[in-house]
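> Predicted model, plus sequence, below.
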Amino acid sequence: MSGRVKRSEFMLWAKTEGRATYHLGSSGLANYPLSGLPVLLEDLEITGNGFYGYGPLQREIGMKYGIPQEKIFSTIGTSLANHIAMATIIEPGDEVLIEHPTYELLLSTARYIGANVRRFHRRFENRFRIDTRELSTLVTPDTRLIVLTNLHNPSSVHTDEETLKEIGRIAQRVGAHVLVDEVYLDAAFDLSPRSSIHLGKEFIVTNSLTKVYGLSGLRCGWVLAEPELVTAMWRLKDLFEVNHAHPAERLSVIAFQHLDRIAATARSLLTANHGIVNRFLAVRDDIECVKPDYGTVIFPKLKTGDVGTLYSLLSKRYETSIAPGKFFEMPAHFRIGLGLSTEVFQEGLQRLRRALDEIVATKR
Ligand SMILES: Cc1ncc(COP(=O)(O)O)c(C=O)c1O
């Protein structure tokens, strides 16, 4: 069968065999419980009338960023946000520049839409930073979109405002847009970075409540962009769906009203788990890692043995999963998620330690 690829091997893996009791393969925060929100039955209703965005939710998103509602398109998770943002900008055959390595869905979505995908590198040797000089040599008059994640998935490296502005200037030169997937940005607590939406009209931002806040089940996602693009997104969305699940919209509003508290829970969990993983990394010379102080994932390189063997050993003997680097086109690496409850995370790392020790022992 030829034609467009209509599947994602990564997503299939993530939803099936990638899951384990000690699920270090996951990238989000442990699920925040409904009991942690002050919700009464009368706060919920089954059906609402927010065809083009539920007003109270649009207002909460607007307040988070200090932007007007005309710049907000709300949708189902960052997944559909990325899909609709790309489909609004890209015509089949258009050139799109996507970071390497990246979140696999950004690649498969661009390819599904029919983009001519080219890549710019975030090299391990360059601490996964974006090399804007290289990027500026890669854009052409046909480039319609530059795509990156901030924080970077899989490394959690933060791209600073100066670099982002430079990327904006590079895009402007050829009339392109810059899509910044910020689904992990709120985990950079101490940096308190501004969203790229404030950096210029060429920026399009996607985000959701899923990853940093542990609220994946609400599927509350959004795109921020210039009003005419947002209008085009609402028109495109008409082809996919009528309205969102209203109870989820109502719960999302309540979650926004308590977001500081939910963020504080995430922050203390991630701070503890960063400390644990730092101690783990400090004593291992079989792995090498660019290790930011924030974020929900890290992406170490395995220096002894291969990731396929480590992955099989972990799943067969240790009930533990990691995300293999092959899904990020860097097969010598693997991704570890830091968002599990500290107890489960600690036990998962113990199991990883034992599996790594076994591999080192066979190499002696
Ligand atoms: C960079 C990135 N964007 C988007 C998503 C999907 O987010 P959501 O669950 O909000 O659809 C993920 C999930 O892992 C991701 O890593």
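It's in.
> Just to be sure, residue 99 is in a strand?
Yes: under DSSP: H, G, I helix; E, B strand; the rest coil, residue 99 falls within a strand.
> Okay, and the closest residue in space to it that isn't next to it in sequence sits in which element?
Spatial nearest neighbour of residue 99, chain neighbours left out: residue 148 (4.7 Å); criterion: Cβ to Cβ, 6 or more residues apart in numbering. Where C-beta positions appear, they are placed from N, C-alpha and C, glycine not excepted. Assigned by DSSP states H and E, residue 148 belongs to strand 143-149.
> okay, how far is it across stretch 279-289, tip to tip?
This stretch, stretch 279-289, spans 13 Å end to end (Cα to Cα, to the nearest Å).
> Hmm, I typed the wrong one, I wanted stretch 233-249.
Stretch 233-249 end-to-end distance (Cα to Cα) = 19 Å.
> That stretch close to the ligand?
No: Stretch 233-249 stays clear of the ligand (Cβ under 6 Å from any ligand atom), getting no nearer than 12.6 Å.
> In contact with the closest residue to the ligand within the stretch 51-200 of the chain, which residues are there?
Ranked by Cβ to the nearest ligand atom, the top residue of the stretch 51-200 of the chain for proximity to the ligand is residue 77, at 2.7 Å. Applying Cβ atoms under 8 Å, 6 or more residues apart in numbering to residue 77 gives the contacts 208, 210, 216, 219, 220, 221.
> List phi and psi for residue 206.
Dihedral pair for residue 206: phi -120, psi 150, per degrees, to the nearest 10.
> related to what we said a few turns ago, which residue sits closest to the residue of the stretch 51-200 of the chain closest to the ligand, ignoring its sequence neighbours?
residue 221 (4.2 Å).
> Can you name the residues bridging to that neighbour?
Beta-bridge partners recorded for residue 221 (DSSP bridges): residue 75, residue 208.
> picking up where we left off before, ok, is the strand holding residue 148 in contact with the ligand or not?
Yes: contact of strand 143-149 with the ligand (Cβ under 6 Å from any ligand atom) involves residue 149.
> Can you name the element that comes right after that strand?
Of the helices and strands lying after strand 143-149 in sequence (DSSP H and E), the nearest is helix 161-173.
> From the contact counts, what lies against that following helix?
Under the contact criterion of 3 or more Cβ pairs under 8 Å, 6 or more residues apart in numbering; DSSP states H and E, helix 161-173 touches helix 132-138, strand 143-149, strand 177-181.
> rerun at 6 Å
With contacts defined as 3 or more Cβ pairs under 6 Å, 6 or more residues apart in numbering; DSSP states H and E, helix 161-173 has these neighbours: helix 132-138, strand 177-181.
> how about that helix: buried residues?
For helix 161-173, burial by neighbour count (16 or more other Cβ atoms under 10 Å) applies to 163, 164, 166, 167, 168, 170, 171.
> Then stretch 327-339?
In stretch 327-339, counting by 16+ other Cβ under 10 Å, buried: 327, 328, 330, 333, 334, 335, 336, 337, 338, 339.
> Spatially nearest residue to residue 338 (excluding sequence neighbours)?
residue 273 (4.3 Å).
> same deal with residue 311?
Using Cβ to Cβ, 6+ apart, the nearest residue to residue 311 is residue 324, at 5.2 Å.
> how close does the one you found sit to the ligand?
15 Å (Cβ to the nearest ligand atom, to the nearest Å).
> I'd like to know how many residues surround that residue.
21 (other Cβ atoms under 10 Å).
> Next, the contact list for it, please.
307, 311, 334 (Cβ atoms under 6 Å, 6 or more residues apart in numbering).
> so what pLDDT did residue 241 get?
Model confidence at residue 241, given as pLDDT, is 87.
> count of residues packed around the nearest residue to it once chain neighbours are set aside?
Take residue 241 and drop its neighbours on the chain: the residue closest to it by Cβ to Cβ, 6+ apart is residue 76, 7.8 Å away. Number of residues near residue 76 (other Cβ under 10 Å) recorded here: 20.
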